[in-house]
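Colleague: When you get a sec, could you give me coordinates for this:
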Amino acid sequence: MCGIVGYIGKKQAQNILIDGLSKLEYRGYDSAGIAVMDDAGKIQVQKKKGRLKNLEDILEKAPLKGSIGIGHTRWATHGEPSDINSHPHLSSDGRIAVVHNGIIENYIELKEMLIKAGHRFVSDTDTEVVAHLLNELYDGDIVATLQAAVKQIKGSYALGILCDEEPDKIVAIRKDSPLIVGLGEGENFIASDIPAILKHTRDVYLLDNDEIAVLTADSVTVLDRYGEVCGKQIFKVDWDPGDAEKGGYEHFMLKEIHEQPKAMMDTLTGRCFEDKIVLDDVNLDAEVMKNINRIQIVACGTAYHAGMVGKYLIEKFARVSVETEAASEYRYKDPLVDEHTLLIVISQSGETADTLAAIRLAKEKGARVLAITNVVGSSIAREADDVLYTNAGPEIAVASTKAYVTQVGCITMLALHFGLLNGTVSAEKVAQITAALKRTPELIEKALADEEKLKAFAYDNFKIEDMYFIGRGLDYYTCMEGSLKAKEISYIHSDAYTAGELKHGPIALIDQGTVVVAVCTQEAVFDKMLSNIKEVKARGAQVLAIAQEGHDELLPEVDQVFFIPRVDDEIIPISAIVYLQILSYYLSVARGCDVDKPKNLAKSVTVE
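Modeller: Just a heads-up that it's a prediction; the model follows:
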């Protein structure tokens with residue numbers, strides 16, 4: 001969940017590292033630091049607790065000069081956020097500097113061994129053991145030393161390493177944590193993610209597990225786990241650097257909320273037709289589907305909520321039993337998986353550690369894996385048998401918005417595709433739903449047009465400490481995602497409940513002035529939702545409702561209502577969630593929270 005960047009070339013490294021870290025701050029922002037090899041071949045380090053700006057202020061007064069360096073922005077796992085626990089970490093003699101993303105699981109054992117060998121530790125981190133271990137094993141060849149060191153390390157890692165006895169190179173390796181190599185002319189780069197180096201190059205190597213990259217200013221060599229040079233294909237980045245900038249919006253989250261009409265259009269284009277669904281990278285035909293008797297959907301957080309929508313729609317259209325499971329729980333329950341299982345995994349980043357672990361477990365047991373992800377070439381995309389890209393474009397804000405709506409769009413198309421393969425959905429129904437899907441960009445635009453009204457409601461209620469979301473059927477999953485957004489960025493305690501469960505406990509929480517968000521877009525249960533709204537209103541709740549147009553009977557029953565143009569119930573979650581995203585955004589702004597970088601959270605969860 002931390003961010004790594006490295007540079008080797010002829011320019012001053014400091015500014016390139018700081019700029020790269022600014023593009024990676026969504027991955028962690030507890031602290032930041034850089035190590036630069038100076039002209040005398042000595043490693044100089046500066047690091048600081050807190051946001052990157054704290055480090056920038058120090059470097060402005062006392063810059064680190066040199067054309068080789070590594071940098072890091074941290075999301076704490078071992079050791080509290082502090083200057084000392086910040087990366088880079090040095091060996092005791094300062095000869096070796098290390099930045100790390102991941103977790104060294106056996107660091108205590110290694111630390112005890114190294115202390116006995118005379119090494120002195122100054123931080124509470126797991127990462128510092130890597131610097132000392134490399135120092136202990138160093139034999140004049142940093143690459144051979146790294147190969148020996150990783151044989152003793154258990155866990156996940158992406159590492160960037162400087163050694164002052166070999167001042168003309170950066171060495172990097174990855175295992176279960178993302179790392180890429182950027183290829184330039186007379187300069188080369190490492191980074192956790194593409195935005196960090198996109199200003200400088202569009203040509204990258206996507207490192208696979210256990211591959212070591214050796215960078216000089218003029219060359220990059222990639223070695224496999226056996227130390228053999230391996231041929232790597234250049235991956236060409238085809239999106240614009242401006243896609244990862246704010247573009248005049250106050251926050252990335254607001255920009256990404258407004259990008260959702262285009263994101264949905266990009267998700268649907270070339271796939272969604274009047275009477276069919278075309279998914280070029282999904283090689284599942286009717287014969288393969290006959291062999292599938294169980295579908296499992298595994299994901300985390302927002303992606304998990306998209307998976308719950310997927311369960312509902314796949315069962316409805318394809319008539320196959322579907323299980324949903326949080327990826328963090330999946331592999332610890334001895335899941336029922338075999339060669340007749342299709343595992344669908346959903347991850348915005350394609351690097352989510354728990355989801356990757358689920359893939360590997362399922363494949364070991366013979367399952368086929370289909371991934372829905374946003375990042376081309378990500379670990380999950382590469383390890384899955386089939387991939388469905390969301391085409392959402394870069395998402396920088398920690399709280400997902402356009403990732404969610406495009407994930408739901410993808411899994412809706414997948415459900416229709418499975419239904420057609422199984423012969424369980426008619427061509428007429430497919431035409432009806434695809435026509436509705438094509439309307440989603442306009443429906444999202446309608447939600448965006450209500451932004452000022454949602455902002456006003458948020459500013460009238462931002463001092464609340466509790467809020468509740470209620471809905472039935474697909475609306476319940478929208479409520480779960482809406483509640484998560486409120487928690488993530490406004491720090492308001494919120495819960496989502498199926499409205500039918502109100503009388504089984506949650507209604508005890510309703511007092512005068514309690515805010516209840518009632519999502520009641522599902523026509524089959526609208527009357528029941530209206531009864532639930534009356535129940536909470538009778539106990540003093542302030543109710544914001546979202547419903548399809550034509551339900552004017554809501555007006556006297558609620559404090560605020562937002563109407564969505566009529567569309568098929570199965571499609572409406574894509575537009576309904578946008579109202580809740582906007583509401584949460586303005587609650588966060590009104591409360592003075594850091595919208596894009598909420599406390600304790602990071603964008604890409606690459607550790608368990």
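Colleague: show me what contacts His518?
Modeller: Rather than His, residue 518 is Ala. 469-471, 499, 529, 532-533, 536, 543-546, 558 (Cβ atoms under 8 Å, 6 or more residues apart in numbering). C-beta: built from backbone N, CA, C; applies to glycine.
Colleague: could you redo those as a markdown table and give each row pLDDT?
Modeller: Listed next are these as a markdown table, based on pLDDT from 0 to 100:
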| residue | pLDDT |
| --- | --- |
| Phe469 | 97 |
| Ile470 | 97 |
| Gly471 | 97 |
| Ala499 | 93 |
| Met529 | 95 |
| Asn532 | 94 |
| Ile533 | 95 |
| Val536 | 94 |
| Val543 | 96 |
| Leu544 | 97 |
| Ala545 | 97 |
| Ile546 | 98 |
| Val558 | 96 |
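Colleague: what about the strands in the stretch 101-250 of the chain?
Modeller: Assigned by DSSP state E, counting those that start in this stretch, the stretch 101-250 of the chain shows strands spanning 155-163, 170-175, 180-183, 188-191, 203-206, 212-215, 220-223, 235-236.
Colleague: Of all those, which one is nearest Leu601?
Modeller: Leu601 lies closest to strand 155-163 among those, at 19.0 Å (Cβ to Cβ).
Colleague: mind exporting the helix ranked longest in the chain as CSV, just the C-alpha atoms?
Modeller: Longest helix in the chain by number of residues, with DSSP state H as the criterion: helix 402-422. Only the C-alpha atoms of helix 402-422 are listed here, as CSV (Å, rounded to 0.1, in the frame of the first residue of the first chain):
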residue,chain,number,x,y,z
LYS,A,402,-16.1,5.5,-11.2
ALA,A,403,-14.5,2.2,-10.5
TYR,A,404,-17.7,1.0,-8.8
VAL,A,405,-20.1,2.0,-11.5
THR,A,406,-18.0,0.5,-14.3
GLN,A,407,-17.5,-2.7,-12.3
VAL,A,408,-21.3,-2.9,-12.0
GLY,A,409,-21.6,-2.2,-15.7
CYS,A,410,-19.1,-5.0,-16.5
ILE,A,411,-20.8,-7.6,-14.3
THR,A,412,-24.2,-6.7,-15.7
MET,A,413,-22.9,-7.4,-19.2
LEU,A,414,-21.3,-10.6,-17.9
ALA,A,415,-24.6,-11.7,-16.4
LEU,A,416,-26.3,-11.2,-19.7
HIS,A,417,-23.5,-13.0,-21.6
PHE,A,418,-23.8,-16.0,-19.3
GLY,A,419,-27.6,-16.0,-19.7
LEU,A,420,-27.2,-16.1,-23.5
LEU,A,421,-24.7,-18.9,-23.3
ASN,A,422,-27.0,-20.9,-20.9
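Colleague: need the next SSE after that helix, C-terminal direction.
Modeller: On the C-terminal side of helix 402-422, the closest following helix or strand by DSSP states H and E is helix 427-438.
Colleague: Show me which parts of that following helix are buried, residue by residue.
Modeller: By neighbour count on 16 or more other Cβ atoms under 10 Å, the buried set for helix 427-438 is Lys429, Val430, Ile433, Thr434, Ala436, Leu437, Lys438.
Colleague: picking that back up, with respect to burial, which of the strands of the stretch 101-250 of the chain scores highest?
Modeller: Among the strands of the stretch 101-250 of the chain, ranked by average contacts under mean count of other Cβ atoms under 10 Å, first place goes to strand 188-191 (a mean of 28).
Colleague: For Trp314, give me its contacts.
Modeller: One correction, residue 314 is Ile, not Trp. Counting by Cβ under 8 Å, 6+ apart, Ile314 has contacts Ile295, Val320, Val322, Ile411, Leu414, Ala415, Phe418.
Colleague: what's the following helix or strand after the strand or helix carrying it?
Modeller: Per DSSP H and E, Ile314 falls inside helix 301-318. Proceeding N to C from helix 301-318, the next assigned helix or strand is strand 322-326, under DSSP H and E.
Colleague: Nearest to Thr352 among the buried residues of helix 427-438?
Modeller: Leu437 (26.2 Å).
Colleague: quick check: angle from the longest helix of the chain to strand 322-326?
Modeller: Put simply, helix 402-422 runs at 160 degrees to strand 322-326, going by axes from the mean of the first three to the mean of the last three Cα atoms, to 10 degrees.
Colleague: re the thing from before, let me know which of the strands of the stretch 101-250 of the chain is the nearest to Val278.
Modeller: Using Cβ to Cβ, the strands of the stretch 101-250 of the chain put strand 235-236 closest to Val278, at 24.2 Å.
Colleague: packing partners for that closest one?
Modeller: strand 203-206 (3 or more Cβ pairs under 8 Å, 6 or more residues apart in numbering; DSSP states H and E).
Colleague: The strand it packs on pairs with which strands, and in what direction?
Modeller: According to DSSP bridges, strand 203-206 forms sheet pairs with strand 180-183 (antiparallel), strand 235-236 (antiparallel).
Colleague: what bits of the protein have low per-residue confidence?
Modeller: Filtered on pLDDT under 70, the chain yields the residue ranges 1, 26-29, 76, 239-245, 247, 602-608.
Colleague: out of the strands paired with strand 203-206, which comes closest to Ser588?
Modeller: Nearest of the strands paired with strand 203-206 (Cβ to Cβ): strand 180-183, 31.4 Å.
Colleague: if we can go back for a sec, what angle separates the longest helix of the chain from helix 301-318?
Modeller: Going by the same axes, to 10 degrees, helix 402-422 makes 20 degrees with helix 301-318.
Colleague: if we can go back for a sec, tell me which of the strands paired with strand 203-206 approaches Ile396 most closely.
Modeller: strand 180-183 (16.9 Å).
Colleague: Can I get that closest one in PDB? Just the C-alpha atoms.
Modeller: C-alpha atoms of strand 180-183 as PDB (Å, rounded to 0.1, in the frame of the first residue of the first chain):
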ATOM      1  CA  ILE A 180       7.200  -1.500 -12.800                       C
ATOM      2  CA  VAL A 181      10.200  -0.300 -14.700                       C
ATOM      3  CA  GLY A 182      10.100   2.800 -16.900                       C
ATOM      4  CA  LEU A 183      12.300   2.900 -19.900                       C
END
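Colleague: Only the buried residues of stretch 100-117, if you could.
Modeller: His100, Asn101, Gly102, Ile103, Ile104, Tyr107, Leu110, Lys111, Met113, Leu114.
Colleague: Restricted to helices, list those residues.
Modeller: Tyr107, Leu110, Lys111, Met113, Leu114.
Colleague: Now do the residue nearest to the last one when sequence neighbours are not counted: how many residues are near it, please.
Modeller: Nearest-residue entry for Leu114: His132, 4.7 Å, with adjacent residues in sequence omitted and distances by Cβ to Cβ, 6 or more residues apart in numbering. Applying other Cβ atoms under 10 Å, we find 26 other residues in the vicinity of His132.
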